[in-house]
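# Fold the following, please.
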Amino acid sequence: MSQTDPSALRASRLKLLLIMLVFAAPIVAAMLLTLAGWQPSGKANGQQVTPQRNFAAEQIPVSLANGDTWTWRAREPQLTLLALAGPDCAQRCLDVLTKMAAARITLNQNASRLRLLYVGKPPAGAEANGMTNYWTLGQDPLGAFAPFTPATPDSVSALLVESDGTALSYYPAGFDPSGLRKDLQKVIR
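Numbers count the residues shown, from 1 in each chain. Next up is the predicted model:
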């Protein structure tokens, strides 16, 4: 029988222990951070909708200008950007709506994966300004979107809704349209 060198045996065990430590360190660090209460957060510009809402499951109707009702569940994977106007939607409101429509255009070949729905009284001169070229106009007969609708005159808020009708993000009045554009580019690929 051959005898093993005790110092070689100690060295090989030490190497094995170091290899195990390299793989265990990230797991231990993650556990410590979680126990300390730290959670990573995304860099989304919109606010999370809590409690989570599914407008299709709740059967929330949106009456369209042509007499139809908005279909929350899209046939193809399409998100809906829902714009909710405050009272007296005028120039500032129309400017934000124009920037929101421009955000859709910047999606290039993926622009068809985003539907634009405006709910509320259309701003004065909406047709003359070309708003109806981009937005589908509708009304909320039940007032289901009242918690998301701004009370400030000449303002607009927005909801980003998944193709199954689930509200993903809420953008309160005064939101940054360029932040919305960045979120859309992350979500729609």
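# Centre of the chain to the lowest-mean-pLDDT helix or strand in the chain, how far?
Of the helices and strands making up the chain, the lowest-confidence element is helix 131-134, at a mean of 82, by mean pLDDT, DSSP states H and E. Between the centre of helix 131-134 and the centre of its chain there are 22 Å (CA atoms, centre = their mean, to the nearest Å).
# which ones are touching Gln78?
Residues near Gln78 by CB atoms under 8 Å, 6 or more residues apart in numbering: Ser112, Arg113, Leu114, Arg115, Ser163. Any C-beta I mention is one placed from the backbone N, CA and C, and that applies to glycine too.
# ok, 6 Å please
Gln78 makes contact with Arg113, Arg115, Ser163, according to CB atoms under 6 Å, 6 or more residues apart in numbering.
# Can you give me the domain assignment for the protein?
1-40, 47-187 (automatic domain parsing).
# quick revisit: would you mark the buried spots in the least confident helix or strand of the chain?
Neighbour-count burial for helix 131-134 flags Met131 (criterion: 16 or more other CB atoms under 10 Å).
# Same check on stretch 171-180?
Buried residues in stretch 171-180, counting neighbours by 16+ other CB under 10 Å, are found at Tyr171, Ala173, Phe175, Pro177, Leu180.
# Is the residue minimising distance to the centre of the chain within a helix or a strand, and which one?
Among the residues of the chain, the one closest to the centroid is Ser169, at 3.9 Å (CA atoms, centre = their mean). Using DSSP states H and E, Ser169 sits within strand 167-171.
# elements contacting that strand?
Secondary-structure packing of strand 167-171 (3 or more CB pairs under 6 Å, 6 or more residues apart in numbering; DSSP states H and E): strand 156-161.
# Name the surrounding residues that touch the strand it packs on.
For strand 156-161, contacts defined as CB under 6 Å, 6+ apart pick out 80-85, 93, 96, 148, 150, 167-173.
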